[in-house]
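[1] Starting from these lines, generate the structure:
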Amino acid sequence: MTDGDKKARLRSTLNLIAFLLVAAGLITVLLGGPLVGAVTIAIVAALALVSWLVYRRREALRRQLLRGPAWVKNLVDGSAKATTITAKARSLTEHSALAAVLALVVVVIHVAVTGRLTLGIALVAALLGLFGALTSKDSMAWLIVIGLASVLAVVTIFAADMFRGGSDARGLAISVAAVVLPVVVSNPLFGGLNRRVFNKNGGLTLRHQVVLVVLTLMLGTLGVARDAWLPGVVHGCYTLPRAGGITMLRTDAQGRCYGLLDDSGTGVFTPDAFGIDPVTRGLEQAILGNNRAIREGDLTVVWLGSLSCDTAPSDATRCADGRDYPSERDQLRGLLFAQTQLAAARGHRLHVIIGDASQDVRHIEDVAQMIVTRRHSLGRVVVIGGGDSRDSTQRAINRLLDAGIPFIAPNLLADLSAPGRPFVDRPGYLQLGASNMDFATDTATRLAQRFPAGFRLDIYQTPDPTDHYTTSLVNDLLTALQTAPHATGRRVSALGGLNESICDTPAAGPPTVLFFADRWTRFAEFVQRVNDLCGHAKPRLVIADSSVSRFMADYQLRAVSNANWPVDYYASGPACADLAPAAYGVLTAQAQASARLLKLPAGFACADRTEDGLEGQLLRACSIDAAAKRTSQPCIANDLGSFLVPAYDAVVMADKMLPVHPPAGDYLSSLTLAPLTLATGVTTEVHGGRLQAPTIAIRMWHVDPLYDPTRIWERPSAGLTLQDK
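    As a prediction, this is how the structure comes out:
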């Protein structure tokens with residue numbers, strides 16, 4: 001090939017590279033917006049210019065780097081000492097080339113394992129590669145070293161797998177394969193190749209062998225520890241553990257990601273948010289994008305719950321049971337509002353860490369241990385959330401309390417072990433809602449008032465001994481009925497156990513009231529069973545537990561229910577009408593600050609604080625969540641959602657209660673909160689690490705009919721309103 005052909009091929013290659021760079025810039029402009037695209041084009045243009053200049057001066061740069069420094073020659077005036085110093089300088093340059101190559105290998109391995117390919121890392125890699133290429137005389141030798149290290153790393157992994165019976169044997173195998181084999185095997189295997197390539201001695205030099213040992217040990221260790229990092233890399237759920245870092249991720253047996261996130265977009269193998277729902281992910285990214293390095297005095301909130309769920313095999317974009325976590329989104333919006341509020345005050349900040357324990361918080365204990373492990377990096381920290389009141393949730397909370405981390409639960413109500421007491425009865429655990437016994441007593445009182453001659457309560461619940469919430473609620477209801485005159489109750493453990501007595505038809509004996517005491521994910525099939533039993537008739541009276549608030553918050557689930565009868569249910573939190581005027585102004589202002597993200601109208605206001613909220617009835621009611629989710633029939637947001645305010649109040653309480661410098665001794669028992677007025681006007685106190693009274697009042701709302709998501713009453717149906725005595 002002539003020099004002209006070589007130059008023509010080089011020009012073609014450079015033209016192709018330039019075309020690809022321009023195409024990448026244009027695509028970035030289209031997908032990332034004009035600002036991101038302009039920045040990308042500027043960076044690419046600058047790198048292209050630098051590369052072109054380096055290419056034009058490549059031979060001069062190479063000679064300059066390999067030649068002794070000019071100041072040395074001038075200093076010693078050409079003496080014999082100059083030759084020695086120049087030789088040493090040249091040797092130092094060659095060793096620098098070796099260091100550059102090694103550093104480049106380390107950077108490449110770091111990027112491959114962690115996925116953290118940022119602009120800074122890319123520039124460092126480019127500079128190292130350029131320096132190494134210009135100064136190294138034996139680039140081919142380093143290719144041989146890297147190839148041999150890869151082969152020997154495979155041998156290391158194989159040897160370690162053979163000796164999996166014990167840690168000592170495994171460690172011995174790794175040591176032998178990683179240290180002895182590279183030195184012994186390198187010369188016999190590659191001596192001939194070295195002679196043909198370099199026409200020098202018959203083996204790799206000592207420095208080559210040192211590098212070979214280091215690379216083999218590094219690659220072999222990564223291979224032996226592949227169970228700890230390879231699944232995360234394959235499933236896009238991995239980040240390198242680092243000193244002071246908070247993000248920590250795991251994958252379950254199905255490859256689903258769970259763990260802790262405190263920043264967004266940390267690498268190609270690290271998720272920027274949990275779950276698959278785009279609205280949820282956008283909200284998470286906004287919260288994580290507001291995070292900054294934790295300073296003294298900042299409040300760190302770890303939100304712990306479920307944001308991902310099992311998908312149906314036929315449709316990877318939907319969860320198997322239809323859930324997409326509207327209540328969790330409301331809680332995250334509450335944290336976003338609190339984050340915005342603290343930032344506007346220009347004092348300390350709110351750092352939010354999102355902890356996803358996957359569907360039904362099945363990995364909550366593992367995530368709790370991650371929080372404990374990261375405790376030293378979190379500063380003034382509190383955990384808020386909890387998801388469901390289950391065995392695993394209780395153990396996870398106790399683990400956090402044992403580590404001195406307080407826990408605030410806006411929606412945990414179970415009291416299986418001690419009726420009428422908090423879910424976890426320890427200092428440092430603050431349960432904002434009343435216990436299940438309080439709800440059961442409220443139900444019995446309302447029904448005794450509605451049916452003074454007596455009634456029968458059919459309580460539907462699928463038995464699950466690990467579910468403290470539903471199990472304790474059934475037990476508490478049966479206990480509370482003992483004090484209601486002429487009242488009886490029975491547990492119905494399967495839908496087949498329901499009969500026509502629940503329907504509003506003439507029948508002998510006392511009326512039958514149906515109480516749904518199960519999880520909201522089973523409410524749709526429960527409604528279908530009632531429809532099948534009653535046909536054109538309606539059930540006499542249906543009451544649902546507070547878990548069904550999640551169903552009611554999902555406009556789509558209501559719309560497809562086909563139930564033309566009312567349901568009374570316990571609301572999980574306050575409505576806008578319950579907010580004090582000052583708090584209402586603050587929350588709506590924070591909502592407006594995030595109006596674009598939340599898809600809010602310019603004049604956002606809650607319907608129950610306007611003339612549309614007549615006698616507690618909301619017509620065309622549309623929560624922030626429904627407004628963000630509805631696509632086929634868009635609606636205008638006019639409600640905050642009943643799960644937002646408790647999460648916001650929890651942050652306010654923690655910020656006022658947690659000291660910057662914890663005192664010596666029992667930290668959780670020392671927690672004190674002076675009387676504090678919350679968003680609803682309720683005054684709360686904490687003494688000895690215990691909440692003095694619940695902050696969320698027991699509220700019963702009703703919908704009529706169930707299938708119409710635009711109608712809701714923020715009050716019970718006729719006859720269930722408690723009368724003052």
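
[2] only C-alpha atoms for contact and neighbour calcs from this point on.
    OK.

[3] Quick check, residue 477 in contact with residue 442.
    No. With contact defined as CA atoms under 8 Å, residue 477 and residue 442 do not form a contacting pair (9.5 Å).

[4] Settle it for me: which of those two has more neighbours?
    Higher neighbour count among residue 477 and residue 442: residue 477, with 26 against 17, using other CA atoms under 10 Å.

[5] avg pLDDT for stretch 676-686?
    In this model, stretch 676-686 carries a mean pLDDT of 96.

[6] Same check on stretch 259-267?
    Stretch 259-267 carries an average pLDDT of 78.

[7] With stretch 536-554 instead?
    Mean pLDDT, stretch 536-554: 91.

[8] Check which residues of it are buried.
    Within stretch 536-554, the residues scored as buried using 16 or more other CA atoms under 10 Å are 538-554.

[9] Do me a favour and get the end-to-end distance for it?
    The first residue of stretch 536-554 is 26 Å away from its last residue (CA to CA, to the nearest Å).

[10] Which residues are in contact with residue 493?
    Residues in contact with residue 493, defined by CA atoms under 8 Å, 6 or more residues apart in numbering, are 460-463.

[11] quick one: which of those residues is nearest residue 564?
    residue 460 (20.3 Å; CA to CA).

[12] pLDDT wise, what is the closest one at?
    According to the model, residue 460 scores 98 on pLDDT.

[13] what's the closest residue to it other than its chain neighbours sitting at in phi/psi?
    Distance criterion CA to CA, 6 or more residues apart in numbering; nearest residue to residue 460, sequence neighbours excluded, is residue 492 at 4.7 Å. For residue 492, the backbone dihedrals are phi -110, psi 110 (criterion: degrees, to the nearest 10).

[14] Contact partners for residue 492?
    458-462, 498.

[15] Where does pLDDT dip in this structure?
    Across the chain, residues meeting the criterion (pLDDT under 70) sit at 1-144, 156, 158-211, 240-245, 265-268, 311-318, 320-322, 611-615, 630-633, 724-725.

[16] quick check, nearest of the contacts of residue 492 to residue 257?
    Within the contacts of residue 492, the smallest distance to residue 257 is 28.6 Å, found for residue 462 (CA to CA).

[17] Secondary structure class of the closest one, three-state.
    Assigned with DSSP: H, G, I helix; E, B strand; the rest coil, residue 462 falls in the coil class.

[18] Give me the distance between it and residue 227.
    Between residue 462 and residue 227 the distance is 38 Å, computed by CA to CA.

[19] quick one: which of the two has more around it?
    Here residue 462 and residue 227 are set side by side on neighbour count (other CA under 10 Å), and the busier one is residue 462, at 17 against 10.

[20] Could I get the full set of helices for the stretch 151-300 of the chain?
    Listed in chain order, the helices found in the stretch 151-300 of the chain under DSSP state H, counting those that start in this stretch are 167-175, 181-198, 206-224, 226-234, 278-289.

[21] Ends of stretch 239-250, what's the gap?
    For stretch 239-250, the separation between the terminal residues is 9 Å (CA to CA).

[22] for stretch 220-229, same thing?
    Using CA to CA, the end-to-end distance of stretch 220-229 comes to 14 Å.

[23] May I see the buried residues of it?
    Taking 16+ other CA under 10 Å as the basis for neighbour counts, the residues of stretch 220-229 that come out buried are 220-224, 229.

[24] out of those residues, who's nearest residue 566?
    Looking across the buried residues of stretch 220-229 and measuring by CA to CA, the closest to residue 566 is residue 229, at 51.6 Å.

[25] Is it correct that that closest one is in contact with residue 238?
    Yes. Taking contact to mean CA under 8 Å, the distance of 6.8 Å between residue 229 and residue 238 places them in contact.

[26] coming back round to it: and the contacts of residue 493, which of them are buried?
    In the contacts of residue 493, burial by neighbour count holds for 460-462, counting by 16+ other CA under 10 Å.

[27] Could you export these to CSV, including columns for distance to residue 324?
    Conversion of the buried ones among the contacts of residue 493 to CSV gives the following (distance: CA to CA, whole Å):
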residue, distance to residue 324
460, 24
461, 23
462, 22
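
[28] Relative to residue 515, which of these is nearest.
    Of all those, the one sitting nearest residue 515 is residue 460; the distance, using CA to CA, is 6.2 Å.

[29] Just grab the bridge partners of that closest one for me.
    Going by DSSP bridges, residue 460 is paired in beta bridges with residue 492, residue 516.

[30] Which neighbouring residues are in contact with it, exactly?
    Under the criterion of CA under 8 Å, 6+ apart, the contact list for residue 460 reads 491-495, 514-518.

[31] Please tell me how far it sits from residue 475.
    Taking CA to CA as the measure, residue 460 falls 12 Å from residue 475.

[32] Which secondary structure elements does the host helix or strand of residue 446 sit against?
    Following DSSP states H and E, one finds residue 446 within helix 436-450. Counting contacts by 3 or more CA pairs under 8 Å, 6 or more residues apart in numbering; DSSP states H and E, helix 436-450 packs against helix 468-481.

[33] List the contacts of the helix it packs on.
    The list of residues contacting helix 468-481 from outside it, by CA under 8 Å, 6+ apart, reads 388-391, 412-416, 419, 436-437, 440-441, 443-444, 459, 461, 463-465, 487-491, 517-519.

[34] Could you pick out the buried ones from those?
    With burial judged by 16+ other CA under 10 Å, the buried subset of the contacts of helix 468-481 is 388-390, 412-416, 419, 436-437, 440-441, 443-444, 459, 461, 487-489, 491, 517-519.

[35] can you give me the helices in the stretch 601-725 of the chain?
    In order along the chain, the stretch 601-725 of the chain carries the following helices (DSSP H, counting those that start in this stretch): 624-629, 644-657.

[36] just the CA coordinates of stretch 287-303, formatted as PDB?
    Once side chains and other backbone atoms are set aside, the C-alpha atoms of stretch 287-303 remain, and they are given as PDB (Å, rounded to 0.1, in the frame of the first residue of the first chain):
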ATOM      1  CA  ILE A 287     -36.300  14.500  44.400                       C
ATOM      2  CA  LEU A 288     -32.900  12.900  43.800                       C
ATOM      3  CA  GLY A 289     -31.900  15.800  41.600                       C
ATOM      4  CA  ASN A 290     -32.500  18.200  44.500                       C
ATOM      5  CA  ASN A 291     -30.100  16.300  46.700                       C
ATOM      6  CA  ARG A 292     -26.700  17.900  47.600                       C
ATOM      7  CA  ALA A 293     -23.800  16.700  49.700                       C
ATOM      8  CA  ILE A 294     -25.000  16.300  53.300                       C
ATOM      9  CA  ARG A 295     -23.800  19.100  55.600                       C
ATOM     10  CA  GLU A 296     -23.900  19.400  59.300                       C
ATOM     11  CA  GLY A 297     -27.500  20.300  60.300                       C
ATOM     12  CA  ASP A 298     -29.100  19.000  57.200                       C
ATOM     13  CA  LEU A 299     -32.000  16.500  57.700                       C
ATOM     14  CA  THR A 300     -31.700  13.200  55.900                       C
ATOM     15  CA  VAL A 301     -35.000  11.300  55.300                       C
ATOM     16  CA  VAL A 302     -34.900   7.700  54.100                       C
ATOM     17  CA  TRP A 303     -38.300   7.000  52.600                       C
END
